[in-house]
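Student: The following block contains a protein sequence and its predicted model.
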Amino acid sequence: MIPRIDLHTHSTASDGTLTPPQLIRTAAEAGLDVVALTDHDTTAGWEPAVRALPTGLRLVRGAELSCRWSGVTPSLPLHLLAYLFDPQAPELVAELARVRAARLERGERIVALLRSDGIDVSWPEILAGAGGGTVGRPHIAQALIRAGLVATTSEAFGPDWLGQRYRLPKEDIDVFRAVELVRAAGGVPVFAHPRATRRGRIVPDELIAELAAAGLVGVEADHEDHSPAEREHVRGLAADLGLLVTGSSDFHGTHKTVRLGAFTTAPEVYEQLVAASSGVIEVVSG
Ligand code: AMP
Ligand code: ZN
Ligand code: FE
Ligand code: FE
């Protein structure tokens, strides 16, 4: 049987709804052989996930870094998956802490904006809902659902709400610095959902070419936010640039409808991805 490998998931350490141990159990139940935990801007879920690993499941420790490209005005936010990096590399640790703080500050400003329009959402309640995990718009979306203003998280990401009207930028990590820091920490950077046009503006292929020259290792092609044509485009680009091509669910528990293992990465790509890391942080087997 071909191993099933899902390289992008979120737990309650950021904006997923399953705790790291629940996520690991669900991954085993879903028949995955390899799962990566890639919470936004944090490695806080790594230890509890490792402790919960059952026999037969392998865990790739990672994170999804909030990045920004300033080659256009206004600058573009983007997500960089980082795998198997040293979670104590000082500069990377500092950047992650800074981004988490910026997320708190931006979340509070979004709530102030909502409240100034008479929308009754509470920042302390939203913070409590995040339970100490990296705060994101999905947590604010839950407050809009509780207030009866929208029915679903995806509705909360519509243009009238967090997708546009109440969307504020945050202080992200410069993407070239992020690639450099991840590589310096022994890790493997992979560009997450690069053609997800439905989330907003996307970066040009030229940027991905520049990032490839700067140390990017892969691009995520198979993702629910990519149309079949967008997936093909990413594959073609990866072939031209010599990048690995991954596929993954970007599972967020009930904050999204996608299921674990909905998209997967080929075993030979996974092997190359692991081989591209320095080996400081290894894949853990249960
Ligand atoms: P933030 O990190 O605060 O900017 O919020 C972005 C997060 O919200 C990402 O992790 C996405 O997975 C999630 N997200 C973006 N668009 C949607 C959507 N339409 N429905 C549900 N979740 C979304
Ligand atoms: Zn998320
Ligand atoms: Fe993402
Ligand atoms: Fe994600």
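Tutor: Noted; the coordinates are in hand. Ligands and ions are numbered 1, 2, ... in the order given.
Student: CA atoms for contacts and neighbours, from now on please.
Tutor: Fine.
Student: Surely Leu81 forms part of a helix?
Tutor: No. Secondary structure assignment (DSSP: H, G, I helix; E, B strand; the rest coil) places Leu81 in strand, not in a helix.
Student: ok but Asp120 is inside a helix, no?
Tutor: No. With three-state DSSP as the criterion, Asp120 is located in coil rather than a helix.
Student: Would you tell me which strand is longest in the chain?
Tutor: Assignment by DSSP state E gives strand 58-69 as the longest strand of the chain.
Student: Report the angle between the helix or strand hosting Tyr270 and strand 58-69.
Tutor: Assigned by DSSP states H and E, Tyr270 falls within helix 267-275. Here helix 267-275 runs at an angle of 70 degrees relative to strand 58-69 (axes from the mean of the first three to the mean of the last three CA atoms, to 10 degrees).
Student: Next secondary structure element downstream of helix 267-275?
Tutor: Helix 267-275 is succeeded, C-terminally, by strand 284-285 (DSSP H and E).
Student: Show residues contacting that next one.
Tutor: For strand 284-285, contacts defined as CA atoms under 8 Å, 6 or more residues apart in numbering pick out 50, 53, 55-60.
Student: In the residues you listed, find the pair that's most separated.
Tutor: Spatial extent of these (CA to CA) is set by the pair Thr55 and Val60 at 14.6 Å.
Student: Average pLDDT for stretch 44-59, rounded please.
Tutor: What stretch 44-59 shows for mean pLDDT is 98.
Student: Make 29 the starting number, not 1.
Tutor: Done: numbering now begins at 29, and the last item shifts to stretch 72-87.
Student: Distance from that stretch to the middle of the chain?
Tutor: Taking CA atoms, centre = their mean, to the nearest Å, one finds the center of stretch 72-87 at 18 Å from the center of the full chain.
Student: Look at that stretch and report the distance between its end residues.
Tutor: End-to-end distance of stretch 72-87 (CA to CA, to the nearest Å): 14 Å.
Student: ok, now how distant is the residue of the chain positioned farthest from its centre from Ala140?
Tutor: Largest separation from the mean C-alpha position in the chain: Gly146, at 31.7 Å (CA atoms, centre = their mean). Distance of Gly146 to Ala140, given as CA to CA: 10 Å.
Student: swap in Arg193?
Tutor: For Arg193 relative to Ala140 (CA to CA), the value is 13 Å.
Student: count of residues packed around Pro31?
Tutor: Here the number of neighbours of Pro31 (other CA atoms under 10 Å) works out to 13.
Student: name the element it belongs to?
Tutor: Using DSSP H and E, Pro31 maps to neither a helix nor a strand.
Student: swap in His167?
Tutor: Assigned by DSSP H and E, His167 falls in helix 165-174.
Student: Pull out the buried positions in that helix.
Tutor: Across helix 165-174, burial judged by 16 or more other CA atoms under 10 Å covers 165-173.
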